[in-house]
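**Student:** What follows is a predicted structure for the sequence shown.
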Amino acid sequence: MRNSSSRGILDRLRAGVVQGAEGYVFELERRGYIKAGPYVPEVVLDFPDAVKELHREFLRAGSEVMVALTYYAHREKLRDVGRENDLERMNRQAVRLANEVAREGDALVAGNICNTWSYDPDNARESSHVVRAMYEEQLTWAVEEGIDFVISETNDYLGEALIALEVIQQFGLPAMVTLASVQPNTTRDGYDYVEACKRLADAGADIVGLNCDRGPETMLPIIAKIRSAVNCYVAAQPVPYKTDAQHPTFESLRTGDGQQAFPLALEPFLYNRFEMAEFARRAGAIGVNYIGICCGGAPHYVRAMAEALGKTVPASAYSPAMELHPMLGTHVEDKDQTFLADWKS
Ligand SMILES: [Zn+2]
């Protein structure tokens, strides 16, 4: 357990909305430190300073949780890239890096586990053992290095999410369990997303909800139903992309020539910071307790979202002051106005 004087996650949620921030793998891929395709966070060992810098940027932008970068750092995935021998070192180091930066502010550290691609509902008994063993080893290392709670995320199967929840409970830590929502209405093992969250809540999850896959427009309607269906805390961490009824997930977005935009050509669909701030306000208004962002997320969104929720964060010191802009500001001289008119025409 982390030796921290910070209030824990449940204390913070009782007091108000907790701001989160994720999308580490996507952002570090964009920055040239993670290989798209396998998406294994080798950066944790190869360029630890890059991980710390992104933690720090999210911390300054208002994230109250440093999520240890152990997403896809499980046995199955490391085997894919030939680094199975680095498994323990990578997991421990990821938690250490998160702790180092959390101490620079007043942030919590979350251990992170995710869908394993090993769970098979048609062979649940056997595959559950494999999944459970992966979660147990990851969380054993995480707990030894020091975490405050665990986020289990992008769960495609309720069955796998329930295994994650059980393992988190074995360690006696608060559990946030969120589902992927790639399919229209149900998990891959056939549970309506709302029903799946209800079952996770009934099984003792402290926080349930959705993360990744959907942008605000297509995630919020489901989140509102989840909010009505459960009494526990609810989390929403959408991707900052313009998904809609025809393209409800970022995997379904298509570029002008009909190509799949996911995951490397999504830029034309990005929201701006004001739109993500509006998402935060709407999520807060319907009673979402943990509001964050997933793949595609970046510090400017997180700051705008935190400020929309009434918070002043370290990076607010450099929030926009457009009245001071030489062309767009209010103090602009006549000659500049003429220049601006010429420039615009
Ligand atoms: Zn994501």
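**Tutor:** All right, it came through fine.

**Student:** Only C-alpha atoms from now on, for both contacts and neighbour counts.
**Tutor:** Fine.

**Student:** now what about the helix or strand hosting Tyr301, what contacts it?
**Tutor:** Element membership of Tyr301, judged by DSSP states H and E, is helix 299-308. With Cα atoms under 8 Å, 6 or more residues apart in numbering as the test, helix 299-308 has contacts from 19-21, 57-58, 60-63, 272-274, 276-281, 292-293, 312-313, 315-316.

**Student:** For the ion, what's the nearest residue on the stretch 101-250 of the chain?
**Tutor:** The nearest approach of the stretch 101-250 of the chain to the ion comes at Cys212, 3.9 Å away (Cα to the ion).

**Student:** neighbours of that residue, just the number please.
**Tutor:** Using other Cα atoms under 10 Å, Cys212 has 27 other residues around it.

**Student:** any idea what sits nearest Arg273, other than its immediate chain neighbours?
**Tutor:** Of all residues not flanking Arg273 in the chain, Tyr301 sits nearest, at 5.0 Å (Cα to Cα, 6 or more residues apart in numbering).

**Student:** So which residues of the stretch 1-150 of the chain form strands?
**Tutor:** Along the stretch 1-150 of the chain, the stretches classed as strands by DSSP state E, counting those that start in this stretch are 18-19, 65-67, 108-114, 149-155.

**Student:** Any chance of JSON lines for these, columns distance to Asp202?
**Tutor:** Converted to JSON lines, the strands of the stretch 1-150 of the chain look like this (distance: least, Cα to Cα, whole Å):
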{"stretch": "strand 18-19", "distance to Asp202": "22"}
{"stretch": "strand 65-67", "distance to Asp202": "25"}
{"stretch": "strand 108-114", "distance to Asp202": "20"}
{"stretch": "strand 149-155", "distance to Asp202": "16"}
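
**Student:** Output those strands in JSON lines, with mean pLDDT and distance to Ile34 appended to each entry.
**Tutor:** Converted to JSON lines, those look like this (pLDDT from 0 to 100; distance: least, Cα to Cα, whole Å):
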{"stretch": "strand 18-19", "mean pLDDT": "98", "distance to Ile34": "25"}
{"stretch": "strand 65-67", "mean pLDDT": "98", "distance to Ile34": "17"}
{"stretch": "strand 108-114", "mean pLDDT": "97", "distance to Ile34": "17"}
{"stretch": "strand 149-155", "mean pLDDT": "98", "distance to Ile34": "19"}
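
**Student:** between those strands, which gets nearest to Gln170?
**Tutor:** Smallest distance to Gln170 across these (Cα to Cα): 11.8 Å, for strand 149-155.

**Student:** which parts of the closest one are buried?
**Tutor:** Phe149, Val150, Ile151, Ser152, Glu153, Thr154, Asn155 (16 or more other Cα atoms under 10 Å).

**Student:** So what touches it?
**Tutor:** 9, 67, 109-115, 161, 164-165, 168, 173-181, 210-212.

**Student:** same deal with stretch 54-61?
**Tutor:** In this structure, residues lying in contact with stretch 54-61 by Cα under 8 Å, 6+ apart are 21, 24, 65-66, 98, 101-102, 105, 107, 298-300, 302-303, 306, 313-316.

**Student:** what do you get for stretch 224-232?
**Tutor:** Against stretch 224-232 from outside (Cα under 8 Å, 6+ apart): 193-194, 197-198, 201, 205-209, 234, 286-288.

**Student:** biggest separation within the residues you listed, which pair?
**Tutor:** Spatially, the most separated pair among the contacts of stretch 224-232 is Ala205 and Ile286, at 20.1 Å (Cα to Cα).
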